[in-house]
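Asks: Could you look at this predicted model? Sequence included:
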Amino acid sequence: MTGSDTPSSFRLAYVPGVTPTKWVRVWHERLPGTPLELVQVPAAEASRLLADGGAEAGLVRLPVDRDVLSAIHLYTETTVVVIPKDHVATAAEEVTLADLADEIVLHPLDDLLDWDRLPGRPALERPATTADAIELVAAGVGVLLVPQSLARLHHRKDLTYRPVLEAPESRVALSWPQEDPTPDLVEEFIGIVRGRTVNSTRGRVATPPQPSAKEKAKAKRAATGTGSGRKPAPGGKQSGTGRRAGAPKGGRSGQPGAKTPGKRGKPRGR
């Protein structure tokens, strides 16, 4: 995709907790002529945004509507419980769902963890957002289970978190519309998040490998006809047998069986 066919920008949606920084940096290095525009969107609205064409692709939380969207799983996040720093659970490195049986567990409306049954005791009302639930945890109303990235996103000095064993986990994926108007650019971004090199045969056209200095020197010798580059000995042509120029065929001087040429003397008298 070149020239006037190249879109003016590539819009990438991302949900709270997902950090696209490293992938965006690689995009700018590889496609400096195509700006990448970031679009932050609540997790519950990401699928609709992509389906409506609000972005070419998105870093979202699964599941998505597979009838209209394609998706590839990138990674799975650990689920943690957000608690006050003076909570008894801070004494352990990790907790179980059974450890939360007597706790009020907040369940915000924007929660995307796939619970069969929420642990602990339910609150009287569900907070509207995860941010609201964090405020309630800080006020001592209850505890909150979220993907670890959201606990970091809503970090407070008076709160901490611990991993929760056997809890549902959030899966982050790259998703895009099946009816994609920019397949080449989406393929470029897929290659970036999957760690393909710039010369990969998938995605963008691979750049031909450049010859090494040794290969360049060899090609130059072949073009000039200098062969191996060894200079011929003075006074004679270079020989492939290693015989010195001007030496007799019978052998080298000083070697057994070699005939040494010399001046003829006067014939001896009888």
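Replies: All right, it came through fine. Residues are numbered from 1 along each chain as shown.
Asks: which stretches of the stretch 101-250 of the chain form strands?
Replies: Under the criterion DSSP state E, counting those that start in this stretch, strands of the stretch 101-250 of the chain are mapped to 104-106, 121-122, 143-147, 159-165, 170-177.
Asks: Please identify which of those is closest to residue 74.
Replies: strand 170-177 (5.1 Å; CB to CB). Every C-beta, even on glycine, is put in place using the N, C-alpha and C of the backbone.
Asks: how far is the closest one from where the chain is centred?
Replies: 16 Å (CA atoms, centre = their mean, to the nearest Å).
Asks: Quick one: list the elements packing against that strand.
Replies: In this structure, strand 170-177 makes packing contacts with helix 46-51, strand 57-61, strand 69-77, helix 183-193, judged by 3 or more CB pairs under 8 Å, 6 or more residues apart in numbering; DSSP states H and E.
Asks: can you list those in a markdown table and add mean neighbour count and mean pLDDT?
Replies: What follows is the helices and strands packed on strand 170-177, written out as a markdown table (neighbours: other CB atoms under 10 Å; pLDDT from 0 to 100):
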| stretch | mean neighbour count | mean pLDDT |
| --- | --- | --- |
| helix 46-51 | 20 | 96 |
| strand 57-61 | 25 | 98 |
| strand 69-77 | 15 | 97 |
| helix 183-193 | 19 | 95 |
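Asks: closest one to residue 162 among those?
Replies: strand 69-77 (14.6 Å).
Asks: Show me what that closest one is packed up against.
Replies: Using 3+ CB pairs under 8 Å, 6+ apart, strand 69-77 is in contact with helix 46-51, strand 170-177.
Asks: Check which element follows it along the chain.
Replies: Next helix or strand after strand 69-77 toward the C-terminus (DSSP states H and E): strand 79-84.
Asks: List of residues touching that following strand?
Replies: With contacts defined as CB atoms under 8 Å, 6 or more residues apart in numbering, strand 79-84 is touched by 89-90, 95, 100, 113, 134, 137-138, 140, 143-148, 151, 154, 158-164, 167-170.
Asks: What pairs with it, parallel or antiparallel?
Replies: strand 143-147 (antiparallel), strand 159-165 (antiparallel) (DSSP bridges).
Asks: Which one of those lies nearest to residue 185?
Replies: Within these, the stretch nearest residue 185 is strand 143-147; the backing value is 28.1 Å (CB to CB).
Asks: which of the residues in the closest one are buried?
Replies: Within strand 143-147, the residues that qualify as buried are 143-147, counting by 16 or more other CB atoms under 10 Å.
Asks: From these, pick the one nearest residue 78.
Replies: residue 147 (7.4 Å).
Asks: Who does the closest one form a beta bridge with?
Replies: Legend: beta-bridge partners of residue 147 under DSSP bridges are residue 79.
Asks: Now do the contacts for it.
Replies: 17, 61, 77-80, 113, 169-170.
Asks: And the buried ones among the residues you listed, selectable in ChimeraX?
Replies: A single ChimeraX command suffices to select whichever of the contacts of residue 147 are buried according to 16+ other CB under 10 Å:
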select :17,61,77,78,79,80,113,170
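Asks: and the contacts of residue 147, which two are the farthest apart?
Replies: Counting by CB to CB, the most remote pair of those is 61 and 80, 15.5 Å apart.
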